[in-house]
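*Asks:* Sharing a model prediction with you, sequence too.
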Amino acid sequence: MTLSELFSDESKWVKDMSCGVRSADGSVRRCAPEASDANCWCLVGGTSHLVPDYEDLSPAMKKLRAACEALFPSRSIIRTANSDKYYVSVSNFNDHPDTTFADVQAVIQHTESNP
């Protein structure tokens with residue numbers, strides 16, 4: 001399964017938590033990304049769900065960070081205090097108030113089309 005398949009529709013995506021179980025009424029309760037009843041994820045939680053081995057997760061997260069930085073730098077770059085250095089946060093992008101499901105799909109598409 002790919003990220004685009006996992007995030008097949010907006011009900012599969014959440015903000016402010018890595019993973020959850022969405023009920024029929026739309027409410028979401030938290031759960032672990034590997035939980036058998038999980039049915040919605042943030043980008044990080046969804047990636048962890050698909051790539052449970054930490055050694056394999058690192059390259060997948062690197063690709064996601066690159067896509068977030070390329071497409072939505074103002075939502076994903078976090079500058080360190082008193083420095084010109086910065087780091088890219090997929091969680092920051094996912095949970096940013098301006099991030100939409102269409103933006104998440106764009107990041108996923110960029111990641112999948114730039115191996």
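*Replies:* Arrived safely. Only a predicted model underlies this, so the values are computations on that prediction, with no experimental measurement involved.
*Asks:* In the protein, which residue is most central in space?
*Replies:* Geometric centre of the chain, nearest residue: residue 43, 1.3 Å, by CA atoms, centre = their mean.
*Asks:* Look up how far residue 115 lies from that residue.
*Replies:* 18 Å (CB to CB, to the nearest Å). C-beta: built from backbone N, CA, C; applies to glycine.
*Asks:* May I ask you to confirm that residue 44 is in contact with residue 57?
*Replies:* No: shown here, residue 44 and residue 57 do not form a contact pair, counting by CB atoms under 8 Å, at 9.5 Å.
*Asks:* what about those two, which has more around it?
*Replies:* residue 44 (20 against 15; other CB atoms under 10 Å).
*Asks:* which residues touch the more buried one?
*Replies:* By CB atoms under 8 Å, 6 or more residues apart in numbering, residue 44 lies in contact with 18, 61, 64, 90-91, 94.
*Asks:* Got phi/psi on the closest residue to the residue nearest to the centre of the chain other than its chain neighbours?
*Replies:* Excluding the flanking residues, the one nearest residue 43 by CB to CB, 6 or more residues apart in numbering is residue 94, at 4.7 Å. For residue 94, the backbone dihedrals (degrees, to the nearest 10) come out as phi -60, psi -40.
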